[in-house]
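# Curious how this folds, go ahead:
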Amino acid sequence: MQQQIAAVARAPLGKTRLFAALLALGTASVAQAEVILHAFNWPYATVQARAAEIKSLGYASVLVSPPLKSEGTAWWARYQPQDYRTIDSPLGNRENFVAMSNALRAQGVKVYADIVLNHMANEAWKRPDLNYPGQQVLNLYASNPTYWSRQRLFGTLSQNFLSQWDFGPASCIGDYSNVWQVQNWRLCGGGADVGLPDLVANSWVIQQQQAYLTALKGLGVTGMRIDAAKHMPNSHMNAVLNSTIKSGVHVFGEIITGGGSGEVEYDRFLKPYLDGTDHGAYDFPLFAQIRGAFGFGGSMNRLVDPAAFGQALPGSRAITFTVTHDIPNNAGFRYQIMDATDEKLAYAFVLGRNGGVPLLYSDNNESGDNRWVNAYRRTDLAAMIRFHNAAQGTDQQVLSYSDCHLLFRRGNRGIVGINKCGSTVNTTVNMSGSVLWWNTDYRDVLSTNVVRISSASYTFSLPARGARMWLRN
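Prediction:
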């Protein structure tokens, strides 16, 4: 198949690519590719209030920020746990979390939680002895036992639950390509920063982390995003996330790479993670292909079948996206922000294709870009989600492509056309033997455009810098 793809790719630009019978791309199996809304840094009460709207927009799940005890108003403070045994942060407490969970489940929407297992809060000035949550927090618990009993998940709040014996060495990662350092030393901010205390996988830590995850499942959590999974040995994750914890739960990890097979971070971190666990992962290999395709001088042929070249994860393991919370909010990743129009076209690809679980990001302008605020309710994204949900479970077949465009069908339910370039692309496709229905309207969910096939060939027109997602009536 790779040779066949290469042969077509060498055809002159603008020439019709007639290979519907040649390429049937994407997995034929039915993946549970339900769309996840990443409600990044939303207060739990806000998610609760929007539960019915979230359902109406077609989302199947909502990923919320880490439910644990943390303090500080900055978004990154949510990723610095003080205690697993209670939920209390500026986003809400256990009672707020339960109310949110109940509201979502009443709408048939699943609750996903961001999980921090790699480290505890960088608060050396409070607890040089590494006792967590520390005397200050224990005094807080003791000052209002009635309130804190309501926020408790497990354990005894009158004593610390972690000590110096539960952490690795106070060494900062100096070489992010060194697997040992990355998975055993600390994430530090440079200078005199002592970093985030890195938890070790001893029996006590594993017991505490399992108790935490079990408690969250009891509150209705059915999905878990493992933060900083790159920094945890598989042995630690597999010990905590045993079959009982994972029963009925969709688990996926965050392992940032610059590409797929052959790229250093993929080969040293993501591939061993995929080989050593049964978890899903962010599809950074596919994201690299998306950025390359839509970038200046890039070609859409990179998106014809990236998995065939090891540049996309298997659909059953992949969390697909166009932006994650790290990209706009961390200076080191901002170069990956796509042009706004390219990001929209990339969403058409991610939500139009077969394979992977799409994740859509919506924030409160933590980055200052004012670009993803209320993105979850954008009219175009809602229409794309409608297409995705209607086409769910159907196969994918590329019909035509060039440097500028990609056209593929989803079973006989829909057709997706994307044009990254600045002028209209017209491409004629042979309809003889096609599974697409003749004399039937396929209506674009993004416009009023209609495709109606009534002869052995059909010319699809893709607008400049635009996408069409035609869905059969």
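
# So what's the model's average confidence on stretch 401-418?
Taken as a whole, stretch 401-418 has an average pLDDT of 98.

# Keeping just the C-alphas, turn that stretch into CSV.
Presented in CSV, the C-alpha positions along stretch 401-418 are these (Å, rounded to 0.1, in the frame of the first residue of the first chain):
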residue,chain,number,x,y,z
TYR,A,401,-5.8,14.7,-2.7
SER,A,402,-3.0,17.1,-3.7
ASP,A,403,-0.7,19.4,-2.0
CYS,A,404,-3.7,21.7,-1.4
HIS,A,405,-6.6,19.4,-0.6
LEU,A,406,-7.8,16.2,0.8
LEU,A,407,-11.1,14.5,0.0
PHE,A,408,-12.4,11.4,1.7
ARG,A,409,-15.7,9.6,2.4
ARG,A,410,-17.0,8.1,5.6
GLY,A,411,-18.9,5.0,4.6
ASN,A,412,-22.0,6.2,2.7
ARG,A,413,-22.9,8.6,5.4
GLY,A,414,-20.6,11.6,4.6
ILE,A,415,-17.9,13.2,2.6
VAL,A,416,-15.1,15.5,3.9
GLY,A,417,-13.2,18.0,1.8
ILE,A,418,-10.5,20.3,3.1
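
# now that stretch, how far from the chain's geometric center?
In this view, stretch 401-418 has its centroid 23 Å away from the chain centroid, taken as CA atoms, centre = their mean, to the nearest Å.

# can you pull the buried residues of it?
Neighbour counts over stretch 401-418 (16 or more other CB atoms under 10 Å) mark 401-418 as buried. Bear in mind the C-beta positions are built from the backbone N, C-alpha and C, glycine included.

# which phi and psi does the closest residue to Asn419 other than its chain neighbours have?
Nearest residue to Asn419 in three dimensions, chain neighbours excluded: Leu462, at 3.8 Å (CB to CB, 6 or more residues apart in numbering). Main-chain dihedrals, Leu462, degrees, to the nearest 10: phi -110, psi 120.

# Surely Val251 is in contact with Thr222?
No - assessed by CB atoms under 8 Å, Val251 is found out of contact with Thr222, at 10.3 Å.

# The two - which one has more neighbours?
Remark: of Val251 and Thr222, Val251 carries more neighbours, 21 against 16, as counted by other CB atoms under 10 Å.

# show me the contacts for the residue nearest to that one when sequence neighbours are not counted.
The shortest distance from Val251 to any residue that is not its chain neighbour, by CB to CB, 6+ apart, is 4.6 Å, and that residue is His279. With contact taken as CB atoms under 8 Å, 6 or more residues apart in numbering, His279 is in contact with Ile226, Ala229, Met237, Leu241, Val251, Phe252, Gly253, Tyr273, Arg317.

# now do Arg127
Gly134.

# Could you check how far Leu157 is from Asn139?
11 Å (CB to CB, to the nearest Å).

# Kindly report the same for Gly411.
Counting by CB to CB, the separation of Gly411 from Asn139 is 61 Å.

# now do Gln183
With CB to CB as the criterion, Gln183 and Asn139 are 35 Å apart.

# the more surrounded of those two?
The residue with more neighbours, out of Gln183 and Asn139, is Gln183; 19 against 9, by other CB under 10 Å.

# Cross-check the contact I'm expecting between the more buried one and Ala229.
No - proximity of Gln183 to Ala229 does not meet the contact threshold set by CB under 8 Å, at 10.1 Å.

# Strands along the stretch 101-250 of the chain, start to end?
Counting by DSSP state E, counting those that start in this stretch, one finds strands in the stretch 101-250 of the chain at the ranges 110-115, 221-226, 250-253.

# Please list the outside residues in contact with the last one.
Going back to what we said before, that points to strand 250-253. By CB under 8 Å, 6+ apart, the list of residues contacting strand 250-253 reads 32, 112, 222-226, 229-230, 237, 241, 273, 277, 279-282, 319, 357.

# and stretch 75-90, average pLDDT?
For stretch 75-90, mean pLDDT rounds to 98.

# Mind listing what's buried along that stretch?
Of all the residues in stretch 75-90, those buried under the rule 16+ other CB under 10 Å are 75, 77-89.

# which one among those residues gets closest to Arg291?
Trp75 (23.7 Å; CB to CB).

# Three-state assignment for Tyr273, please.
Judged by DSSP: H, G, I helix; E, B strand; the rest coil, the three-state class of Tyr273 is helix.

# Skip the chain neighbours and tell me the closest residue to it.
Closest residue to Tyr273 apart from its sequence neighbours, by CB to CB, 6+ apart: Ile255 at 5.6 Å.

# Just the CA trace of stretch 162-175, in CSV.
The C-alpha atoms that make up stretch 162-175 are tabulated as CSV, following Å, rounded to 0.1, in the frame of the first residue of the first chain:
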residue,chain,number,x,y,z
LEU,A,162,3.4,11.1,52.7
SER,A,163,6.9,11.5,54.1
GLN,A,164,10.5,11.8,52.9
TRP,A,165,10.6,8.0,52.2
ASP,A,166,8.0,8.4,49.5
PHE,A,167,10.1,10.6,47.2
GLY,A,168,13.0,10.2,44.9
PRO,A,169,16.3,12.2,45.0
ALA,A,170,16.2,16.0,44.9
SER,A,171,17.8,16.1,41.5
CYS,A,172,16.6,18.2,38.6
ILE,A,173,16.2,16.8,35.1
GLY,A,174,19.1,18.2,33.0
ASP,A,175,18.7,16.1,29.9
